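Asker: only geometry, no sequence info:
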Ligand code: SF4
């Protein structure tokens, strides 16, 4: 099927094989490019993002980036909005839950990011840079991005990219050189540039990702970093010269089929690692989220064996990984029941999870401490046995 079914009778959509590959098989073909070389103009890219409707702040439409984006979307209906955040017809309409994946495919929001702040992190990155987007065209059932977005979570692109880049440059310069190595990186300050979206998919419709990769190429004391579940061959042309780290997220195929909706199949992400390394990226992996269920150890073993079998030595030599155990959220659980209830059989397991109220008042759910610690210890054992070359940067 071209798009995931909306509220199917079977209980939920399964992972779409965007490139017509069976996701449990080895990749058979690379994502196609069009005659002029741009993947983003290909039919495969349009299966991910086929924008039919834009909600936009007037200032975003008037900006150079906004005009560039709209020039690539001729004839698309535009609705002007006062602000990009919590648009009533979009985020406030509970009727949109049954169109969750469809809205991600055909709707785009353009806004101006008002607050440009860089936050310390210390786990995945040293710093979280102000993101150039918020929301995603993919639809992972556990994704934390929609937790405060209500009933829809399409991509919002921020068009004031010059201000975002200028802010990041200033922040990098203010740090000076990194003098103490840490697990984020031994030498460079690492800035996560994609906290609330997926930079690879954003690059299908705008140059924000390219501008950030360009900026970090000229910042010798810093490195950009983003996690992705989408293989966008257009990123291979960006010439990052080692200053951008791509973190391909991986999980067992059975989990991905149920949870990683609309993403590139996991074998394709793994198969892309060498191409990205050869194009000048640093390539790491996110083992995430780790979902506990009967058989999880067997299936993670299979995944680690697969990584060991197919990755060339040059990828292994520079690779590192983050392990992130599943966290979930009560409000998102209720939204998910409306469009993909079968995912909740895996994600919502009150017997082994505990609830914690976060600083913003949301009720987040995570594995009980002892359960989580046991699982992490087991996963570390599996890694030591099957992929000893994969250094764990941190486990969370
Ligand atoms: S790819 Fe990332 S941002 Fe997009 S839906 Fe999945 S978890 Fe969320």
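Answerer: Happy to help now that I have it. This structure is a prediction, so every number in the text was calculated from the model and none was measured.

Asker: which residues of the stretch 51-200 of the chain lie near the ligand?
Answerer: 136, 138, 139, 140, 143, 145, 197, 198 (CB under 6 Å from any ligand atom). Any C-beta I mention is one placed from the backbone N, CA and C, and that applies to glycine too.

Asker: which secondary structure element contains residue 373?
Answerer: Here residue 373 sits within helix 369-386, counting by DSSP states H and E.

Asker: which residues does that helix contact?
Answerer: 287, 290, 292, 296-297, 300-301, 304-305, 308, 321, 323, 325, 352, 354, 366-367, 390, 392, 395 (CB atoms under 8 Å, 6 or more residues apart in numbering).

Asker: are any of those residues buried, and which?
Answerer: Neighbour-count burial (16 or more other CB atoms under 10 Å) applied to the contacts of helix 369-386 gives 287, 290, 292, 296, 300-301, 304, 321, 323, 325, 366-367, 390, 392, 395.

Asker: from these, which ones fall inside helices?
Answerer: Counted as lying in helices by DSSP state H, out of those, are 296, 300, 301, 304.

Asker: beta partners of residue 391?
Answerer: Residue 391 has the following beta-bridge partners by DSSP bridges: residue 320.

Asker: show me where the stretch 51-200 of the chain has helices.
Answerer: 58-62, 64-71, 88-91, 100-106, 161-175, 199-202 (DSSP state H, counting those that start in this stretch).

Asker: in the helix or strand containing residue 211, what's buried?
Answerer: Following DSSP H and E, one finds residue 211 within helix 208-217. The neighbour-count check on helix 208-217 (16+ other CB under 10 Å) flags 208, 209, 210, 211, 212, 213, 214, 215, 216, 217 as buried.

Asker: and the gap between the last one and the ligand?
Answerer: For residue 217, the distance to the ligand equals 24 Å [CB to the nearest ligand atom, to the nearest Å].

Asker: ok, of the helices of the stretch 51-200 of the chain, where does mean pLDDT dip lowest?
Answerer: For these, the bottom mean pLDDT is recorded on helix 88-91, which sits at a mean of 86.

Asker: pull the distance from that helix to the chain's centre.
Answerer: 23 Å (CA atoms, centre = their mean, to the nearest Å).

Asker: buried residues, it. List them.
Answerer: 90, 91.

Asker: do any residues in the longest strand along the chain lie close to the ligand?
Answerer: Longest strand of the chain, by residue count under DSSP state E: strand 282-290. No. For strand 282-290, no contact with the ligand is found by CB under 6 Å from any ligand atom; the gap never falls below 8.7 Å.
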